[in-house]
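J.: Got a predicted structure here, sequence first:
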Amino acid sequence: MENQDNTLVEVRHLKKHFQVGDKKVLHAVDDVSFSIGRGQTLGLVGESGCGKSTVGTVVMRLQKPTSGELMFEGKDIFKCTDRKENLEYRRGMQIVFQDPYSSLNPKKTIRSILSEGYLIHHTVTKGQLNDTLSLLSEKTGISKDMWDQYPHELDGGKRQVVGIAGALSMNPKFIVCDEPVSSLDVSVQAKILNLLMDLQKEMNLSYLFISHDLSVVKHISDRIAVMYLGQIVEMADRQTLFADTRHPYSIALLSAIPKVDVDNKVSRIVLKGDVPSPINPKQVCRFANRCWMSQPICFEQEPELKEISPGHCVKCHFAQESRERMLRAETSSIES
């Protein structure tokens, strides 16, 4: 966890369940906790369907949580009922979506889209609007030629920049970035990531950066949390996670990253078995049926998310086992 004096956002025991029929409950997010410091980025990574985007939408209060707390500057905003306070929180927390085209009004010009937040929240007068938009455009690299264009006239990268600029118009402290570069080609991805990092330094922004791509998360994050089937299975600072990975699922994810150094390559780990259903899950290790290190206890008892070293938490019965032993176990399972 972050130093309490520096913590901006803290999620405590967050759950989001969906009723499926009369007796079935889908556990999309199941007891997730993390914190993000001021000016820091937490990368949330995992396979599609693991619940990471649901975490983002619940944190933004676009969906109601089943249970849990969301502390923003020391206050639980899930419990906030004061309209004025809620409006302040809305301005202070913004989101950038994966598909900018679906999140931008196709009937409005870029000028109208960027002006909307200012006019709704009355943060500037109409007389100040042009100067304010000029400053926002300069900060995000939007040319004034784009102001009178519509979203469909822009390429994907420029549309995403407009989405980022729209979030910045509220002068937020915290932004959820939900797969903001996954639909863009690699060269455009780099530009968007660099823009986000430059804005973070300039405005002391905090990010929850959600992605399925560990190489992208490594580029932008200070800390990384790995999710599997609604739960965080490993969390550490960037350097520790990549140098001393302890959870078998995290090791499998890292093995899938393309590497240039042929002398230092780790064999690609292809996970076997099916992902268990998130509907009424058993209180056992959810990765056990796909894990090459699983033992009987894994099918009988759910492991705790334990801190094995300062800031490094792992949800595995064998978290204290060395990374080398895990890799040896994986190698022997392939040979057999």
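T.: Thanks, I have the structure now.
J.: quick one, what contacts residue 64?
T.: Contacts for residue 64 (Cβ atoms under 8 Å, 6 or more residues apart in numbering) come out as residue 58. All C-beta spots, glycine's among them, are computed from the backbone N, C-alpha and C.
J.: Past the helix ranked longest in the chain, which element shows up next along the chain?
T.: Across the chain, the longest stretch assigned as helix under DSSP state H is helix 186-203. Counting by DSSP states H and E, the next helix or strand C-terminal to helix 186-203 is strand 206-211.
J.: Just name whatever secondary elements that next one is in contact with.
T.: With contacts taken as 3 or more Cβ pairs under 8 Å, 6 or more residues apart in numbering; DSSP states H and E, strand 206-211 sits against strand 7-20, strand 24-37, strand 41-45, helix 52-59, strand 174-178, helix 214-220.
J.: so which of the ones you listed gets nearest residue 280?
T.: Between residue 280 and the helices and strands packed on strand 206-211, the shortest gap by Cβ to Cβ is with strand 24-37, which sits at 5.9 Å.
J.: quick one: buried residues of that closest one?
T.: Using 16 or more other Cβ atoms under 10 Å as the test for burial, strand 24-37 gives 26, 27, 28, 29, 30, 32, 33, 34, 35, 36, 37.
J.: Could you export the helices and strands packed on strand 206-211 as CSV, including mean pLDDT and distance to residue 299?
T.: Output for these, formatted as CSV (pLDDT from 0 to 100; distance: least, Cβ to Cβ, whole Å):
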stretch, mean pLDDT, distance to residue 299
strand 7-20, 96, 23
strand 24-37, 96, 18
strand 41-45, 98, 26
helix 52-59, 96, 25
strand 174-178, 96, 34
helix 214-220, 92, 28
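J.: could I have the longest helix of the chain exported to CSV, CA atoms only?
T.: Provided in CSV are the C-alpha atoms of helix 186-203 (Å, rounded to 0.1, in the frame of the first residue of the first chain):
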residue,chain,number,x,y,z
VAL,A,186,2.0,0.5,-32.1
SER,A,187,3.3,3.8,-33.3
VAL,A,188,0.2,5.7,-32.2
GLN,A,189,0.2,3.7,-28.9
ALA,A,190,3.6,5.2,-28.1
LYS,A,191,2.4,8.7,-28.7
ILE,A,192,-0.7,8.3,-26.5
LEU,A,193,1.4,6.7,-23.7
ASN,A,194,4.0,9.5,-23.9
LEU,A,195,1.2,12.1,-23.8
LEU,A,196,-0.3,10.5,-20.7
MET,A,197,3.0,10.4,-19.0
ASP,A,198,3.8,14.0,-19.9
LEU,A,199,0.4,15.2,-18.6
GLN,A,200,1.0,13.2,-15.4
LYS,A,201,4.2,15.0,-14.7
GLU,A,202,2.8,18.4,-15.5
MET,A,203,-0.5,18.0,-13.5
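J.: And that helix, what does it pack against?
T.: Partner elements for helix 186-203 (3+ Cβ pairs under 8 Å, 6+ apart): helix 126-140, helix 156-168, helix 214-220.
J.: Now do the buried residues in the second one.
T.: Read it as helix 156-168. Per 16+ other Cβ under 10 Å, helix 156-168 contains these buried residues: 156-168.
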